[in-house]
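1. Predicted coordinates and the sequence they were generated for:
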Amino acid sequence: MSVDQATVRRIAHLARIAVTEDEVPHLQGELNAILDFVAQLDEVDVSGVEPMTSVTPMAMKKRVDEVTDGFYADRVTTNAPASDDHFFIVPKVVE
Amino acid sequence: MTDLTQLTLAEARDALRSKSISASELAKAHLAAMEQARSLNAYVLETPDQALAMAAQSDDKLARGEAGPLEGIPLGIKDLYATQGVRTTACSNILGDFTPPYESTVTSQLWRDGAVMLGKLNNDEFAMGSSNESSAFGPVVSPWAPPEWSQDKLDAALKGDKKGLLVPGGSSGGSSAAVAAHLCLGATATDTGGSIRQPAAFTGTVGIKPTYGRCSRWGIVAFASSLDQAGPIARTVRDTAIMLRSMAGHDAKDTTSVDRAVPDYEAAVGRSIKGMKIGIPKEYRVDGLSAEIDQLWLKGVQWLRDAGAEIVDVSLPHTKYALPAYYIVAPAEASSNLARYDGVRYGLRVPGKDIADMYEKTRAAGFGSEVRRRIMIGTYVLSAGYYDAYYVRAQKIRTLIRQDFENVYHAGVDAILTPATPSPAFGIGEMGASDPVEMYLNDIFTVTVNMAGLPGLALPAGLSAGGLPLGLQLIGRPFDEESLFSIAEVIEKSAGHFKPQQAWWS
């Protein structure tokens, strides 16, 4: 499989990465080089094989559903590019 | 006074305990060496005040006889580890001056045991790379000089664009370079596809990626969560064993961290390997494997046989599919993990006309080209209509890769010996410029280990014709790091240690 330029633009938008028109042909070449490389996986017979879900066989640890952490909003917002009164500030999202 | 930076971690520990040196003078010696070595660009942040304060505390504890296992030992920390109050960037512009209000579990265990932080080490951006060239802080220069370069040529390249000087490997290139150049006694590193073992091999140092789940991932900037593991790089097998004991252990904050006692790894160093069964996988004899690496591998086999190990040929038939499967799984997980960098909660923000525009502009400006490429590949292979063809297929192949290893171990093999890399270190600016896959091939021998979650150790075993370090890799059974330390020490004793030329960079 290979990607065309429209697909490159669509993937970039899905990934929320702005691309300029100049970058598209270059990215297309690079993505197709990687897709060509991974295409060799098609030769492997994977019928009846379970996809790996956990590399170490272990039961998922569980805990009681209770609050164990928090109450330090100032630390949570301390690295924010824009914040006010422990809120993150973003451009308007609801009209 | 002898140069304190020439001590191994174990020697320094013993000298501190016997009070023949102090933690403060040990820290000062390393801070001075770091200052002299800034042109290597191994550290992206030096923390001398913190180092001296921690060292003074260690001296107090040593005086009171309350020394921890790493009391007073100066270490460098890869910039992927969150360090409380100390800038942590993953060497990406998108994190800007991010200063974590928390400490990663692994580093907090190192400080608990008395270690001293010298600073933060350079790495490929978000650990994506095999040469440390994708760092937002620029490339790291290996302390190994290119063969036959004059001092004038070296000086000019160090002051200029650094082209042609050697890479220290990646992604933990700052860690490997700092250890090899004696700018710390040991360093933390991380390994997703080979990022501890390949840089160790390129710099003549020792690195171990433990079994998945052995070290907590909490507080380490995530790349591909099912593959990422923390581990140490140091100058001897014993030194990595000492460090790993402090780094490993269960952590309730990481659900994939395993609740299992941490052995005294150092006790395994020097243990006999008589009767151990070592597998030699024929699939690692790849096309184009250099003759000198093949020779080195045979030497390794002979050393182990001489020490009483039994050598057996084994087969890992899905080896060649590990790297392509990795380039689906790792970018897929990265695209998901790196979704958090959106310009809202931390790091860089580039304003936009609406929130989506802000996300897109922020991420375009903040991520470097390799990271953007991997996020896009990951987004594509996870997108509707392609998920089964790519991601699910890759995870099935991962099951097959793990089964290959299980079959070998089931047949009684204790560990597997392979080359660590297909070549010695290459020059800055020489690889991957036209085709990203060229760079990816560096990890051909290491990536299987991450895909199967196994422990892997790389150590120097000889020099190339040009005088550059070449490494071997040992792959172990799950949670059997101890055997790796025992076997590695046999190779280390036989091969000796390899040091770069005198401090040509200072």
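-> Nice, I can see it.

2. now the end-to-end length of stretch B:105-118.
-> With C-alpha to C-alpha, to the nearest Å as the measure, the ends of stretch B:105-118 fall 18 Å from one another.

3. roughly how far is that stretch from the heart of the chain?
-> Averaging C-alpha positions (C-alpha atoms, centre = their mean, to the nearest Å) puts stretch B:105-118 17 Å from its chain's average.

4. Run the contact check for it versus chain A.
-> No - if you take C-beta under 8 Å from any C-beta of the partner chain as the test, stretch B:105-118 misses chain A, and the best it gets is 14.2 Å. Just so you know, the C-beta spots here come from the backbone N, C-alpha and C atoms, and that holds for glycine as well.

5. Give the buried residues for that stretch.
-> B:105-111, B:113-118 (16 or more other C-beta atoms under 10 Å in any protein chain shown).

6. Greatest separation within these: which pair is it?
-> The span of the buried residues of stretch B:105-118, defined through C-beta to C-beta, is set by B:T105 and B:L118 at 20.0 Å.

7. Show me what the worst-scoring helix or strand of chain B on mean pLDDT is packed up against.
-> Least confident helix or strand of chain B, by mean pLDDT, DSSP states H and E, is helix B:436-440 with a mean of 85. The contact analysis (3 or more C-beta pairs under 8 Å, 6 or more residues apart in numbering or on different chains; DSSP states H and E) places helix B:436-440 against helix A:23-38.

8. Which members of the buried residues of stretch B:105-118 are positioned in strands?
-> B:V116, B:M117, B:L118 (DSSP state E).

9. Just give the nearest non-adjacent residue to B:P351, would you?
-> Spatially, and ignoring its direct neighbours in sequence, B:P351 is nearest to B:M358 (6.2 Å; C-beta to C-beta, 6 or more residues apart in numbering or on different chains).

10. and the closest residue to B:Y390 other than its chain neighbours, helix, strand or coil?
-> Sequence neighbours aside, B:V381 is the residue nearest to B:Y390 in space, at 3.8 Å (criterion: C-beta to C-beta, 6+ apart). With DSSP: H, G, I helix; E, B strand; the rest coil as the basis, B:V381 sits in helix.

11. Secondary structure of B:A63: a helix, I assume?
-> Yes - remark: B:A63 belongs to a helix, assigned using three-state DSSP.

12. what's the spacing between it and chain A?
-> Look at B:A63 and chain A: by C-beta to the nearest C-beta, to the nearest Å, they are 35 Å apart.

13. Give me the neighbour count for that residue.
-> 11 (other C-beta atoms under 10 Å in any protein chain shown).

14. That one and B:L26: what is the separation?
-> As for B:A63, its distance to B:L26 is 15 Å (criterion: C-beta to C-beta, to the nearest Å).

15. same question, B:D59
-> Taken as C-beta to C-beta, the span from B:D59 to B:L26 is 10 Å.

16. Neighbour count for the two, which is higher?
-> B:L26 (25 against 21).

17. Which residue of chain A lies farthest from its centroid?
-> Distance from the C-alpha centroid of chain A peaks at A:D85, with 29.7 Å (C-alpha atoms, centre = their mean).

18. rewinding a little: show me the contacts for the residue nearest to B:Y390.
-> Each residue near B:V381 by C-beta atoms under 8 Å, 6 or more residues apart in numbering or on different chains is listed here: B:I328, B:P331, B:A332, B:Y387, B:Y390, B:Y391, B:A394.

19. now these: which count as buried?
-> By 16+ other C-beta under 10 Å, the contacts of B:V381 give B:I328, B:P331, B:A332, B:Y390, B:Y391, B:A394 as buried.

20. How about the contacts made by the nearest residue in space to B:Q6 that is not next to it in sequence?
-> Nearest residue to B:Q6, sequence neighbours excluded (C-beta to C-beta, 6+ apart): B:H182, at 6.5 Å. By C-beta under 8 Å, 6+ apart, B:H182 lies in contact with B:T5, B:Q6, B:A33.

21. can you rerun that using 10 Å?
-> B:H182 sits next to B:3-7, B:29-30, B:33-34, B:37, B:143, B:235, B:499-500, B:503 when contact means C-beta atoms under 10 Å, 6 or more residues apart in numbering or on different chains.

22. And it, how close does it get to chain A?
-> Taking C-beta to the nearest C-beta, one finds B:H182 at 34 Å from chain A.

23. Could you look up the SS state of that residue?
-> Under three-state DSSP, B:H182 comes out as coil.

24. picking up where we left off before, between the contacts of B:H182, which is nearest B:G471?
-> Checking those against B:G471 by C-beta to C-beta gives B:R235 as the nearest, at 13.3 Å.

25. Make sure that closest one is actually in contact with B:V179.
-> Yes - using C-beta atoms under 10 Å, B:R235 is in contact with B:V179, at 6.0 Å.

26. re the thing from before, determine which two of the contacts of B:V381 are furthest apart.
-> So, the contacts of B:V381 by C-beta to C-beta: farthest apart are B:P331 and B:Y387, at 13.3 Å.

27. re earlier: which neighbours do B:D59 and B:L26 share?
-> Common neighbours of B:D59 and B:L26 (C-beta under 10 Å, 6+ apart) are B:L16, B:G72.

28. Quick check on the contacts of B:H182: which are buried?
-> B:L4, B:T5, B:L7, B:A29, B:H30, B:A33, B:M34, B:A37, B:P143, B:R235, B:K499, B:P500.
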